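*Asks:* sequence and predicted structure are below.
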Amino acid sequence: MSNTALLQIKDVHVEVEGKEVVKGVTLDIGKGEVHALMGKNGSGKSSLSNAIMGHPSYAITSGDVLLDGKSILEMAPDERSIAGLFLAFQYPQAVPGVTVANFLRSALLARRGDEKLMRTFRKELYAAMDALEVDHEFAGRYLNDGFSGGEKKRIEILQLSLLQPKLALLDETDSGLDIDALKTVSEGINRYSSDENGILLVTHYQRILDYVKPTKVHVMIAGKIVKSGGPEIALELEKSGYETFQSTPVTVGA
């Protein structure tokens, strides 16, 4: 495992409609690391992920975010994606009129920048679909249009598998999944994970961490990280709840 700081979040504050929802988060994710960010609804987890990706409703009012040592705050969301960031949404949106295959082909072309590299696209797509137990007929369906919650999450991980970003922000990917779908999605995440990339996995529950093993676990309450440590923290949360960690915030990333 490399100690290279792939993603650096430096004292980041985020506002939504004038209200501060993230209140000074500092976090470093190195290559080969999987960080789990856990917290109750409204704790600021998803707001942090959306702000890092550049969602216009989530304003970073102070602090900085660096990818490979370079600030991304002046980049548009598509530029952040091309630079190597990926966000799997908690609630993926339907895009009627755009097929899954065409969407993924356009995303890959933007990332790779060479039409010649797309000659093997269908082969790559179908191989990734098979690994995630996604029927090939989904390639011709409109993106997320009429999909179940589990199907949407599989398509998100399908995107992850094909795009191979440097850093994946997975926002409650386990939400709404039955146990079989959870296992399949987790296997897709594990196939993506390597010594050359990093993951920030946002979740409420410990259950996905039975399948995707975190390097570090962070607990977020009221916009601040109040505890960081190893996988044992997730087990403690499962046993005792978030009230256990209602305490003074600690420094993260040391």
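*Replies:* Sure thing, it's come through. Numbers count the residues shown, from 1 in each chain.
*Asks:* assign a three-state SS to the residue of the chain most remote from its centre, would you?
*Replies:* Distance from the C-alpha centroid of the chain peaks at residue 116, with 29.0 Å (C-alpha atoms, centre = their mean). Secondary structure assignment for residue 116 (DSSP: H, G, I helix; E, B strand; the rest coil): helix.
*Asks:* so which residues of the protein form strands?
*Replies:* Under the criterion DSSP state E, the chain contains strands at 5-16, 19-30, 34-38, 59-67, 70-71, 85-88, 95-99, 142-143, 167-171, 198-203, 216-221, 224-229.
*Asks:* in TSV, list these along with distance to residue 135 and mean pLDDT.
*Replies:* C-betas here are computed from N, CA, C, even on glycine. Shown next, in TSV, are the strands of the chain (distance: least, C-beta to C-beta, whole Å; pLDDT from 0 to 100):
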stretch	distance to residue 135	mean pLDDT
strand 5-16	34	96
strand 19-30	34	97
strand 34-38	29	97
strand 59-67	35	97
strand 70-71	40	96
strand 85-88	20	96
strand 95-99	14	95
strand 142-143	15	96
strand 167-171	23	97
strand 198-203	26	96
strand 216-221	35	95
strand 224-229	40	94
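*Asks:* what would these look like in TSV with distance to residue 51?
*Replies:* Formatted as TSV, the entries for these read as follows, by distance: least, C-beta to C-beta, whole Å:
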stretch	distance to residue 51
strand 5-16	4
strand 19-30	7
strand 34-38	13
strand 59-67	5
strand 70-71	14
strand 85-88	11
strand 95-99	23
strand 142-143	24
strand 167-171	10
strand 198-203	12
strand 216-221	13
strand 224-229	15
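*Asks:* residue 105: which of those is closest?
*Replies:* Each of those has some distance to residue 105 by C-beta to C-beta; the shortest is strand 95-99, at 9.1 Å.
*Asks:* buried residues in the closest one, which are they?
*Replies:* residue 99 (16 or more other C-beta atoms under 10 Å).
*Asks:* how far does it sit from the chain's center?
*Replies:* 23 Å (C-alpha atoms, centre = their mean, to the nearest Å).
*Asks:* likewise stretch 119-133?
*Replies:* The gap between where stretch 119-133 is centred and where its chain is centred comes out at 21 Å by C-alpha atoms, centre = their mean.
*Asks:* this completes my enquiry, with thanks.
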